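Colleague: need a structure here:
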Amino acid sequence: MGEINIYYEEKIPSLWQTIWDSFTRSPLALIGLWSMMLILSMSVLGPLIAPYSASYQDPNALLVPPSWADTGTVEHFLGTDDLGRDLFSRILHGAHLTFGYALIIVMLSLVCGFLIGSLSGMTKGLKASVLSHLLDTLLSMPSLVLAILFAAVLGPGLFNVIWAVGLSLVPRFVRTIHNAVHEERQKEYVVAARLDGATTWQVFYDSILPNVWNPVVVQTTLAFSVAILDIAALGFIGLGAQSPSPEWGAMIEQGLDNLLTAPWTVTMPGLAILFSVLATNVVGDGLRHALLEGRR
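Modeller: Residues are numbered from 1 along each chain as shown. Here you go, the predicted model:
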């Protein structure tokens with residue numbers, strides 16, 4: 001016979017459990033999360049599940065409309081372009097070039113921005129002032145303009161897009177983390193930790209770091225959607241992925257010549273970009289609300 005506990009024991013959920021419970025209470029946030037997981041799966045498994053290769057051309061299926069049109073076929077679910085390439089296959093192949101590269105860029109920018117922002121936030125005086133004013137200058141320009149400038153210097157190409165978009169996003173993370181750390185340094189509990197003899201590293205790791213994740217998470221989700229749009233925009237204007245790459249922005253540029261006669265060549269990759277950005281923003285909004293409720 002098992003041991004009987006006659007005392008009521010209240011289980012207090014952890015902070016992360018509270019945040020997850022708050023996040024799952026929002027149906028819209030869950031839809032966004034499952035959508036992001038779907039796109040991420042496409043980025044990883046897209047080339048394996050695509051019915052055709054990205055460069056396969058069918059001369060007997062030029063500008064075939066989507067399958068729900070009267071003249072559409074199931075073999076080409078989303079239609080084909082003017083070279084007979086299957087749009088559904090190209091979108092699957094291009095998922096890792098737009099969505100996957102955006103994820104890599106944001107992670108690298110977050111690491112660089114976190115290191116620089118934390119260092120500047122924990123310092124004061126001339127170094128912090130110079131870095132702050134330098135960031136204000138960079139942030140006065142939109143990230144897409146910075147990405148275009150960096151891409152113009154580095155040259156066109158998908159690999160250079162990582163550097164261009166990544167460098168344009170670093171100031172956002174640095175400014176966000178700098179402000180969060182600098183604000184937390186003024187709190188009374190940080191002053192109390194210093195009076196207790198805690199070192200600068202102990203103050204940062206034990207007192208400041210646990211309280212700056214809210215703005216970092218929000219900025220990360222915003223930067224993710226910006227990175228998707230910037231990668232697609234650079235591909236669209238010819239500074240990113242080059243033809244015949246299946247990157248979504250480059251696909252839109254390649255379909256512009258047939259916009260009036262075959263609008264699906266532009267709308268299908270455009271809807272893929274829209275779906276990715278909407279899913280990212282919905283998840284970010286859900287995380288922001290969940291973090292605010294978890295901190296209460």
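Colleague: After whatever helix or strand residue 91 lives in, which helix or strand is next?
Modeller: For residue 91, the enclosing helix or strand under DSSP states H and E is helix 87-95. Next in sequence after helix 87-95, counting helices and strands by DSSP H and E, comes helix 101-122.
Colleague: picking that back up, by contact count, what packs against the helix holding residue 91?
Modeller: On a contact count with 3 or more Cβ pairs under 8 Å, 6 or more residues apart in numbering; DSSP states H and E, helix 87-95 meets helix 27-49, helix 248-254, helix 264-294. Yep, even glycine has a C-beta here, placed from its N, CA and C like the rest.
Colleague: Nearest to residue 238 among these would be which one?
Modeller: Closest approach to residue 238 among the helices and strands packed on helix 87-95 (Cβ to Cβ): helix 248-254, 7.0 Å.
Colleague: what is the mean pLDDT for that closest one?
Modeller: In this model, helix 248-254 has a mean pLDDT of 92.
Colleague: And for stretch 84-99?
Modeller: Averaged across stretch 84-99, pLDDT comes to 92.
Colleague: re earlier: nearest approach to residue 79 belongs to which of the helices and strands packed on helix 87-95?
Modeller: helix 264-294 (4.5 Å).
Colleague: in the closest one, what counts as buried?
Modeller: For helix 264-294, the neighbour count (16 or more other Cβ atoms under 10 Å) marks 264-270, 272-273, 276-277, 279-280, 282-291, 294 as buried.
Colleague: now swap in stretch 225-243 and tell me
Modeller: Quick answer for stretch 225-243 (16+ other Cβ under 10 Å): 225-236, 239-241.
Colleague: What distance do you get for residue 184 to residue 81?
Modeller: With distances taken as Cβ to Cβ, to the nearest Å, residue 184 is found 52 Å from residue 81.
Colleague: More neighbours: which of these two?
Modeller: Taking other Cβ atoms under 10 Å, residue 184 and residue 81 do not tie; residue 81 has more neighbours (25 against 19).
Colleague: Go ahead and report the secondary structure state at residue 84.
Modeller: Three-state call for residue 84 (DSSP: H, G, I helix; E, B strand; the rest coil): coil.
Colleague: per-residue pLDDT, the one residue sitting closest to the centre of the chain?
Modeller: Nearest to the mean C-alpha position of the chain, counting by Cα atoms, centre = their mean, stands residue 224 at 1.8 Å. Among the per-residue scores, residue 224 shows a pLDDT of 92.
Colleague: Which secondary structure element is home to it?
Modeller: Element membership of residue 224, judged by DSSP H and E, is helix 213-236.
Colleague: and that helix, what does it pack onto?
Modeller: When contacts are defined as 3+ Cβ pairs under 8 Å, 6+ apart, helix 213-236 sits against helix 101-122, helix 143-154, helix 158-185, helix 248-254, helix 264-294.
Colleague: can you state the direction angle for it and helix 101-122?
Modeller: With axes from the mean of the first three to the mean of the last three Cα atoms, to 10 degrees defining the directions, helix 213-236 sits at 140 degrees from helix 101-122.
Colleague: Provide a list of residue ranges in this structure with pLDDT below threshold.
Modeller: By pLDDT under 70, the low-scoring segments of the chain are 1-13, 15, 125-138, 294-296.
Colleague: if you set the cut-off to 50 instead, what comes out?
Modeller: 1 (pLDDT under 50).
Colleague: How many residues are close by residue 256?
Modeller: 11.
Colleague: Among the buried residues of stretch 225-243, which one sits closest to residue 50?
Modeller: residue 241 (17.2 Å).
Colleague: what about the closest one, helix or strand, and which?
Modeller: Using DSSP H and E, residue 241 falls outside every helix and strand.
Colleague: got a list of what the closest residue to it other than its chain neighbours touches?
Modeller: Distances taken as Cβ to Cβ, 6 or more residues apart in numbering place residue 247 nearest to residue 241, at 3.6 Å, with adjacent residues excluded. Contacts for residue 247 (Cβ atoms under 8 Å, 6 or more residues apart in numbering) come out as 94, 97-98, 158, 231-232, 235, 240-241.
Colleague: what about the helices and strands packed on helix 213-236, which gets the closest to residue 30?
Modeller: Checked against Cβ to Cβ, the stretch from those lying closest is helix 264-294, at 7.9 Å.
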